[in-house]
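Participant: here you go, sequence then predicted model.
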Amino acid sequence: MTEFLKTLLNIRSLRAAARELTLEQLEEGLAKLTSVVEERRESEAEERAAAAEHERKLKEYVNMLAADGIDINELAELAEPSKKSAAGRSKRPAKYAYTDENGEYKTWTGQGRKPAVIQKALDNGANIDEFLIK
């Protein structure tokens, strides 16, 4: 909270600050603060009225749909855009093939970490080209 708000919202601090002002300055401040409060009241009243009007229109449309025999859920399904499939990247084709410890045939695209079997073979002097899919 700012120092201004602490002073404005605490009666003791406000009285202490008011001692340094003349009566004319206090009345001018009161008039301006009253004006700001009235503006805020009006704007919040307008917002409440707009929300009430919106609510009234929604109820009116629900009643119109019910009168025509249209279910709201059907309308909602129609209004929702259809889910698009992920238009992401296409899967990379495999570039390398190997047999893992369990004897299963596996492939690797060459992206990311090297599979442990390939890394072990490379550490033992094998060439990566030995695993290329031809």
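Facilitator: Noted; the coordinates are in hand. Numbers count the residues shown, from 1 in each chain.
Participant: the bottom helix or strand of the chain by mean pLDDT?
Facilitator: helix 72-79 (a mean of 81; mean pLDDT, DSSP states H and E).
Participant: strands along the protein, start to end?
Facilitator: 96-99, 105-108 (DSSP state E).
Participant: related to what we said a few turns ago, the least confident helix or strand of the chain - contacts with which helices or strands?
Facilitator: Applying 3 or more CB pairs under 8 Å, 6 or more residues apart in numbering; DSSP states H and E, one finds that helix 72-79 contacts helix 23-68. Every C-beta, even on glycine, is put in place using the N, C-alpha and C of the backbone.
Participant: the helix it packs on to helix 72-79, inter-axis angle?
Facilitator: 100 degrees (axes from the mean of the first three to the mean of the last three CA atoms, to 10 degrees).
Participant: and helix 23-68, what does it pack onto?
Facilitator: helix 72-79.
Participant: ok, residues contacting the helix it packs on?
Facilitator: 62, 65 (CB atoms under 8 Å, 6 or more residues apart in numbering).
Participant: quick check, Lys114 in contact with Ala121.
Facilitator: No. Counting by CB atoms under 8 Å, Lys114 does not reach Ala121; the two are 9.5 Å apart.
Participant: between these two, which contacts overlap?
Facilitator: The contact lists of Lys114 and Ala121 share no entry, where a contact means CB under 8 Å, 6+ apart.
Participant: tabulate the CA atom coordinates of the least confident helix or strand of the chain in PDB.
Facilitator: The C-alpha trace of helix 72-79 is given here as PDB (Å, rounded to 0.1, in the frame of the first residue of the first chain):
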ATOM      1  CA  ILE A  72     -28.700 -25.600 -26.000                       C
ATOM      2  CA  ASN A  73     -26.200 -28.400 -26.100                       C
ATOM      3  CA  GLU A  74     -26.800 -29.000 -29.800                       C
ATOM      4  CA  LEU A  75     -26.300 -25.300 -30.500                       C
ATOM      5  CA  ALA A  76     -23.100 -25.300 -28.400                       C
ATOM      6  CA  GLU A  77     -21.700 -28.300 -30.400                       C
ATOM      7  CA  LEU A  78     -22.500 -26.500 -33.600                       C
ATOM      8  CA  ALA A  79     -20.800 -23.300 -32.500                       C
END
